[in-house]
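Trainee: Sequence first, then the predicted structure, then my questions.
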Amino acid sequence: MTDVRVAGVGLTRFGSHPDRTGRDLFATAALRAFEDAGVPREDVEELNYGNFMGALAEHQGHQAPLMAETAGVSCPSTRYEEACASAGVAVREAVRTVRAGEADVALAGGMERMTNLPTDEVTEGLAIAADDLFEVRAGVTFPGAYALMANAYFDAFGGGREDLAHVAAKNHANAVPNEYAQYRKEVSVEEALDAPPVAEPLHLYDACPITDGASALVIVSEEYAAEHDVDAPVAVTGTGQGTDRMALADREHLARTPAADDAADAAYADAGVGPDDVDVAEVHDCFTVAEVLATESLGFFEPGEGIAAARDGVTTADGDLPVNLSGGLKAKGHPVGATGGSQIAELTRLLRGDHPNSEHVADAEVGVAHNAGGTVASAVVHVLEVAE
């Protein structure tokens, strides 16, 4: 089994792109990834591509061969759909393929275009990631579902809206220097607390925005990197995936995310590291409470302790364990099918030292990416390490 390296990363700016198509966005991300890697397109042996709602947003299914064409590669191509974890699964499969020796070079990532639709249609489109029969038809939306999870957490462990406001303020501050972020503006704890409600206890700044964007990664084997003199100092050393029951009502409790627990356990075991070894993390904060749940599933905090981490300064840029130095989904944005690839791209830049926030983790050697689908019915976790 070969070691896997991230040879290059490419991102578009996250936000609203009214004059661009999805294929155009992915072409830009792929171009930037190839330029970053210094790997020729003709060496790509497989494309793994994540997308969730392209058939609704752009009336375009069967996107994998289309994206292979727009990226300029000629190879087997597959689209992966796992709701908001689509790109995370795509990257996972690329890692597994290269590890198995079935390919030396893979292109992985994803794209989502959403802002071309009215907000109510985006909400309806996203809702298909929930249980249609037992949740969607009853009127459950994702803000409402995460509000239920937040209230369950507060009931079980304590905490409140001010704790979540600290998560929002932290991630907005992190996004300010990130040229790819959708919202490069600071938001104070007071502003977050005063924002209008979305679904109590979640208010406007507790929710991620509607976003267009794309991500791409050039994944190579260690042998390919050495043979072709590719500078790829960051390795993917661990990968794991977990699944939970779809509907919240079918779960044992709402204040835990077992799919992420399982994905993290598998990724740590695969990499031979543990939570205490992690220096920096990018987690799936589609809502502020989701960051809290993620940090507990990743083993950084015991259940009930993650709620105070941002308020206490543990997960801030200058804290002991910075989380979401990119700005997270909360401020960088959440183009659903691209997010998992974006997280790994951001971690790679942080570990290489060429991210605008790398100064906060100058000595970091281990990073973790946590990507979730729906109300964490799906979860993917990757461990990245500085290899040389």
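Mentor: Structure's in. What do you need?

Trainee: quick one: average pLDDT of the helix or strand hosting residue 23?
Mentor: Using DSSP states H and E, residue 23 falls within helix 22-37. If you average the pLDDT over helix 22-37, you get 98.

Trainee: could you show me where the helices are in this protein, in order?
Mentor: For the chain, the helices defined by DSSP state H cover 22-37, 54-57, 63-71, 86-99, 119-127, 142-157, 161-175, 189-194, 222-227, 258-271, 288-297, 328-332, 339-352.

Trainee: For the fourth one, C-alpha coordinates in CSV please.
Mentor: So that's helix 86-99. Output of helix 86-99 as CSV, limited to C-alpha atoms (Å, rounded to 0.1, in the frame of the first residue of the first chain):
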residue,chain,number,x,y,z
SER,A,86,-20.1,14.6,-1.3
ALA,A,87,-16.6,16.0,-1.9
GLY,A,88,-15.3,14.4,1.2
VAL,A,89,-16.4,11.0,-0.1
ALA,A,90,-15.0,11.8,-3.5
VAL,A,91,-11.6,12.5,-1.9
ARG,A,92,-11.8,9.4,0.3
GLU,A,93,-12.3,7.3,-2.8
ALA,A,94,-9.4,8.9,-4.6
VAL,A,95,-7.2,8.2,-1.6
ARG,A,96,-8.2,4.6,-1.5
THR,A,97,-7.7,4.2,-5.2
VAL,A,98,-4.1,5.6,-5.1
ARG,A,99,-3.3,3.6,-2.0
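
Trainee: Could I get the average pLDDT for it?
Mentor: 98.

Trainee: Return the distance of it from the chain's centre.
Mentor: 14 Å (CA atoms, centre = their mean, to the nearest Å).

Trainee: Ok, the last one next?
Mentor: Relative to the mean C-alpha coordinate of its chain, helix 339-352 is positioned 9 Å out (CA atoms, centre = their mean).

Trainee: can you state the direction angle for it and helix 86-99?
Mentor: Interaxial angle, helix 339-352 versus helix 86-99 (axes from the mean of the first three to the mean of the last three CA atoms, to 10 degrees): 60 degrees.

Trainee: got it, and the fifth one?
Mentor: Helix 119-127 and helix 86-99 are oriented at 40 degrees to each other (the same axes, to 10 degrees).

Trainee: What average pLDDT does helix 119-127 get?
Mentor: Mean predicted lDDT for helix 119-127 stands at 93.
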